[in-house]
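>>> below is the structure, and that's it, no one-letter string:
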């Protein structure tokens, strides 16, 4: 399927690893010109160079989105190559903290990294999309925003905020040709997750081969209807679909890509 992205430019924040990297690579493969963003210039440039070497179009924007100055620098670099039609707000962070460990400072820092950073980019890039009459804002959320665990409460709460602001933005952009949606991943298999699970598999009795470890760890930690972890490209594929004109009639929606982890009809 042609997602009709060849005439579009996309900025994916936090795209030097994980879901962001998978997304920026997929959008480039679909023909979009992409802006690889991160705080490490060498890592961002390496990914952009690989995309370019493969026949894609890629540039780099470096900056810390937890400050206005950093967001200004990222927006300026992203716009240097032309208008940005697609903003994927992926950048964020979390720490494995419990309620006793999550200090008020940890809550504030997590909110700045995961919520206000996205707002900064929205405020810098969406006005021009509105003027042109077309645009896409995709926010990476998560099931923990609506079905939180008792651990890392400061992170769970920011996911809820990301979902909420995306829907509010959709209402604000009514009739403009710019849409705002959420892609909500479940538990996704990235190298760090596989390394962690493999390291504790023996003490948990999960087996010795990866298929055994995956199935048993999913059953114990994140039960879902597919009995496995998601893959980064499965998230990237959902984002790519929402970026194109085939998704013109979708706004203010949350697309769950979680294997059925969240038990509900919404």
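On my side now, so go ahead. No experiment lies behind these values; they were computed from the predicted model shown.
>>> buried sites along stretch 243-255?
243, 244, 247, 251, 252, 253, 254, 255 (16 or more other CB atoms under 10 Å). In short, each C-beta sits where N, CA and C put it, glycine included.
>>> could you list which of those residues belong to strands?
Members of the buried residues of stretch 243-255 lying in strands (criterion: DSSP state E): 254, 255.
>>> ok, so of the buried residues of stretch 243-255, who is nearest residue 70?
residue 243 (24.4 Å; CB to CB).
>>> who does whatever helix or strand residue 154 lives in touch, helix- and strand-wise?
Per DSSP states H and E: residue 154 is located in helix 153-172. Helix 153-172 sits against helix 104-111, helix 117-132, strand 135-140, strand 178-185, strand 254-257, with contacts defined as 3 or more CB pairs under 8 Å, 6 or more residues apart in numbering; DSSP states H and E.
>>> could you list the paired strands of the last one along with their orientation?
The sheet places strand 254-257 alongside strand 178-185 (parallel), with pairing taken from DSSP bridges.
>>> and the strand it pairs with with helix 117-132, angle?
Angle of strand 178-185 versus helix 117-132, following axes from the mean of the first three to the mean of the last three CA atoms, to 10 degrees, is 150 degrees.
>>> contacts for the helix holding residue 154?
89, 92, 94-95, 97, 99, 102, 106-107, 110-111, 113-115, 118-119, 122, 126, 137, 139-142, 144-146, 148-149, 179-182, 184, 251-252, 254 (CB atoms under 8 Å, 6 or more residues apart in numbering).
>>> can you mark which positions in it are buried?
153-163, 165-167, 169-170.
>>> distance of the residue most central in space within the chain from residue 181?
Nearest to the geometric centre of the chain sits residue 90, at 3.1 Å (CA atoms, centre = their mean). Applying CB to CB, to the nearest Å, the value for residue 90 to residue 181 is 13 Å.
>>> did I read that right, residue 97 in a strand?
No: assignment of residue 97 by DSSP: H, G, I helix; E, B strand; the rest coil gives coil, placing it outside any strand.
>>> count the residues that sit near it.
Neighbour count for residue 97, taken as other CB atoms under 10 Å: 17.
>>> wait, what's in contact with it?
Counted by CB under 8 Å, 6+ apart, residue 97 has contacts 106, 151, 152, 153, 154.
>>> which strands or helices does whichever strand or helix holds residue 196 pack on?
Element membership for residue 196 (DSSP H and E) is helix 191-204. Packing contacts for helix 191-204, counted by 3+ CB pairs under 8 Å, 6+ apart, involve helix 210-221.
>>> any low-confidence regions in the stretch 1-150 of the chain?
Counting by pLDDT under 70, the stretch 1-150 of the chain contains no low-confidence range.
>>> that should have said the stretch 151-266 of the chain, apologies.
265-266.
>>> roughly how far apart are the nearest residue to residue 72 once chain neighbours are set aside and residue 144?
Once flanking residues are discounted, residue 72 sits nearest to residue 124: 7.3 Å by CB to CB, 6 or more residues apart in numbering. Using CB to CB, we find residue 124 at a distance of 28 Å from residue 144.
>>> first to last residue in stretch 100-116, what's the distance?
Its start and end residues considered, stretch 100-116 measures 24 Å (CA to CA, to the nearest Å).
>>> ok, now stretch 50-61?
End residues of stretch 50-61 are separated by 16 Å (CA to CA).
>>> which parts of that stretch are buried?
51, 56, 57, 58, 59, 60, 61.
>>> so what touches that stretch?
11, 24-25, 28-29, 32-37, 41, 44-45, 47-49, 73-75, 77-78, 80-81.
>>> of those, keep whichever come out buried.
11, 24-25, 28-29, 32-37, 44-45, 47-48, 73-75, 77-78, 81.
>>> who's in contact with stretch 218-230?
By CB under 8 Å, 6+ apart, stretch 218-230 touches 185-189, 193, 204, 206, 214-215, 257-261.
>>> I appreciate the help and will end here.
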